[in-house]
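Novice: quick one, fold the following:
(one chain, ligands or ions: 1)
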Amino acid sequence: MSIRLHGYPVSNYFNIARAALIEKAVPHDIVITRASQEPEFLERSALGKIPVLEGPDGWIAETVAILEYLDDKFSAVSLRPNDLGTRAHARQIVNIAQVYVEVPCRALFPGVFAAGSVATKAQADALATIDRAVAAISRLRREGPFLLGDELTAADVFGFFTLDIAQRVVGFLTGRSILDEAGLRDWFASVAARPSTVAVMADFLSFLAPYLAERDAPYRLEHPIDA
Ligand SMILES: N[C@@H](CCC(=O)N[C@@H](CS)C(=O)NCC(=O)O)C(=O)O
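Specialist: Numbers count the residues shown, from 1 in each chain. So this is what the prediction gives:
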């Protein structure tokens with residue numbers, strides 16, 4: 001049975017899983033699906049979230065689980081380094097990116113990617129958590145084009161699509177560039193140039209415009225500090 005990735009190209013998590021499939025050269029199909037709480041979808045994705053992967057071993061949701069499954073199932077190109085210390089650092093960066101960048105950043109989405117707002121204190125707390133996490137990722141970075149040196153790892157794929165969204169959100173709200181402040185711009189450019197990223201970002205941008213219009217969102221694609 002072939003691999004099918006269900007999700008929507010505006011989703012940073014969907015984009016991570018999709019970029020990993022491309023990097024790993026795993027043949028796959030994309031099924032455009034929105035998150036849903038319908039009973040039928042909850043059978044496939046227990047929280048009703050996207051992405052969810054359909055394959056010979058069943059349905060798998062949660063992006064970290066999808067990435068690890070793909071590396072276990074299709075090991076020819078691995079996004080997990082062989083060196084155990086490096087592997088643990090890659091996992092550490094993925095965790096920091098998800099818990100301390102993506103989650104607080106998502107709390108800011110209502111005032112950026114929708115016509116809502118976020119209380120001043122909640123916004124300040126989220127921004128402080130994001131700043132601390134981006135500084136931590138920068139501190140863990142090693143010399144080379146990728147976060148952990150010369151080899152692309154899951155930390156780069158997860159980090160890129162997480163920091164892309166965070167850069168847009170923080171930039172829109174404050175005018176600051178977290179990539180430049182953390183000295184991560186050259187790393188970001190290395191990952192942005194990969195064919196996997198180019199393909200995934202092309203769909204992200206074309207799906208984002210109608211998504212923003214649908215929600216009457218204040219965010220504009222041509223924001224000056226966007227990558
Ligand atoms: N922890 C999940 C997060 C996935 C997630 O939040 N997906 C969003 C789209 S970017 C979603 O499905 N949101 C709908 C919802 O939360 O009900 C993962 O790693 O895949």
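Novice: residue numbers of the protein in contact with the ligand?
Specialist: Counting by CB under 6 Å from any ligand atom, the chain comes close to the ligand at 11-13, 35, 48-50, 62-64. Quick note: C-beta positions are derived from backbone N, CA and C, even for glycine.
Novice: considering those residues, which possesses the most neighbours?
Specialist: Thr63 (29 neighbours; other CB atoms under 10 Å).
Novice: so which of the residues of the chain next to the ligand are in helices?
Specialist: The helices, defined by DSSP state H, take in 12-13, 63-64 from those.
Novice: give me the most central residue, the chain.
Specialist: With distances taken as CA atoms, centre = their mean, the residue of the chain nearest its centroid is Phe161 (3.3 Å).
Novice: and the strands in the protein, which stretches?
Specialist: 3-7, 28-32, 52-55, 58-61 (DSSP state E).
Novice: in a markdown table, list the ones you listed along with mean neighbour count and mean pLDDT.
Specialist: A markdown table is the format used below for these (neighbours: other CB atoms under 10 Å; pLDDT from 0 to 100):
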| stretch | mean neighbour count | mean pLDDT |
| --- | --- | --- |
| strand 3-7 | 21 | 98 |
| strand 28-32 | 14 | 98 |
| strand 52-55 | 22 | 98 |
| strand 58-61 | 16 | 98 |
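Novice: what about Lys121, how many neighbours?
Specialist: 8.
Novice: repeat that for the one 4 residues further on.
Specialist: For Asp125, the tally of surrounding residues (other CB under 10 Å) stands at 13.
Novice: roughly how far does it sit from Arg91?
Specialist: 26 Å (CB to CB, to the nearest Å).
Novice: repeat for Leu212
Specialist: Distance of Leu212 to Arg91, given as CB to CB: 33 Å.
Novice: distance of the nearest residue to Leu179 once chain neighbours are set aside from Thr120?
Specialist: Once flanking residues are discounted, Leu179 sits nearest to Arg185: 4.8 Å by CB to CB, 6 or more residues apart in numbering. Distance, Arg185 to Thr120, using CB to CB: 29 Å.
Novice: okay, the two: which has more neighbours?
Specialist: Using other CB under 10 Å as the criterion, Arg185 and Thr120 rank with Arg185 on top: 15 against 8.
Novice: that one contacts Ile178, doesn't it?
Specialist: No. Under the criterion of CB atoms under 8 Å, Arg185 is not in contact with Ile178, lying 10.0 Å apart.
Novice: quick one: common contacting residues for these two?
Specialist: Here Arg185 and Ile178 have no joint contacts, going by CB atoms under 8 Å, 6 or more residues apart in numbering.
Novice: what's the neighbour count on the closest residue to Arg215 other than its chain neighbours?
Specialist: Once flanking residues are discounted, Arg215 sits nearest to Ala114: 4.4 Å by CB to CB, 6+ apart. By the measure other CB under 10 Å, the count of residues near Ala114 is 16.
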